[in-house]
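Colleague: quick one: sequence and predicted model below, then my questions.
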Amino acid sequence: MSEAKFTGGEWRRHYSPNCQEYVICDRRRNGGYAVASLSGSNSKANAHLIAAAPEMYNALEHILENQALGSPLALSISNLLAKARGE
């Protein structure tokens, strides 16, 4: 498993009424910086999902650490984490 090279930290979603879009920002920085911007009919739901991605990734890593190697769940989680890393 390679090291994840994502924008770290917690992400938050913010609605920008002037642009009519949701912006996902990194909370660790002063005021945050944009990780993604979303517009369209599913933008609110997608913004919630993307903002939760770092926490979900960490939770899956934790679950994987506590699974028997080679188990169906471990293989599924391992494949999913590799997909998230672009492998």
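Modeller: Received it, and whenever you're ready, just let me know what you need.
Colleague: now for the chain: which helix has the highest residue count?
Modeller: Scanning the chain for the helix with the most residues, using DSSP state H, yields helix 43-65.
Colleague: and that one, how far from the chain's centre?
Modeller: Using Cα atoms, centre = their mean, to the nearest Å, the mean C-alpha position of helix 43-65 is found 4 Å from that of the whole chain.
Colleague: okay, the one residue sitting closest to the centre of the chain and Ala47: tell me how far apart.
Modeller: In the chain, the residue lying closest to the centroid (Cα atoms, centre = their mean) is Ala53, at 2.0 Å. From Ala53 across to Ala47, the span is 11 Å (Cβ to Cβ, to the nearest Å). In this view, the C-beta of every residue, glycine as well, is placed from N, C-alpha and C.
Colleague: and stretch 21-34, how far apart are its ends?
Modeller: 12 Å (Cα to Cα, to the nearest Å).
Colleague: typo on my end, stretch 60-69
Modeller: 14 Å.
Colleague: ok, stretch 26-42 next?
Modeller: 21 Å.
Colleague: buried set for that stretch?
Modeller: 26, 32, 35-36, 38 (16 or more other Cβ atoms under 10 Å).
Colleague: show residues contacting stretch 42-55.
Modeller: 6, 8-13, 15, 21-22, 24, 35-36, 38, 84 (Cβ atoms under 8 Å, 6 or more residues apart in numbering).
Colleague: try 6 Å
Modeller: By Cβ atoms under 6 Å, 6 or more residues apart in numbering, the residues outside stretch 42-55 that reach it are 11, 13, 22, 24, 36, 38.
Colleague: likewise stretch 72-87?
Modeller: 4, 57, 60, 64, 67.
Colleague: next SSE downstream of the longest helix of the chain?
Modeller: helix 72-84 (DSSP states H and E).
Colleague: any idea of the angle that following helix forms with helix 43-65?
Modeller: Helix 72-84 runs at 130 degrees relative to helix 43-65, counting by axes from the mean of the first three to the mean of the last three Cα atoms, to 10 degrees.
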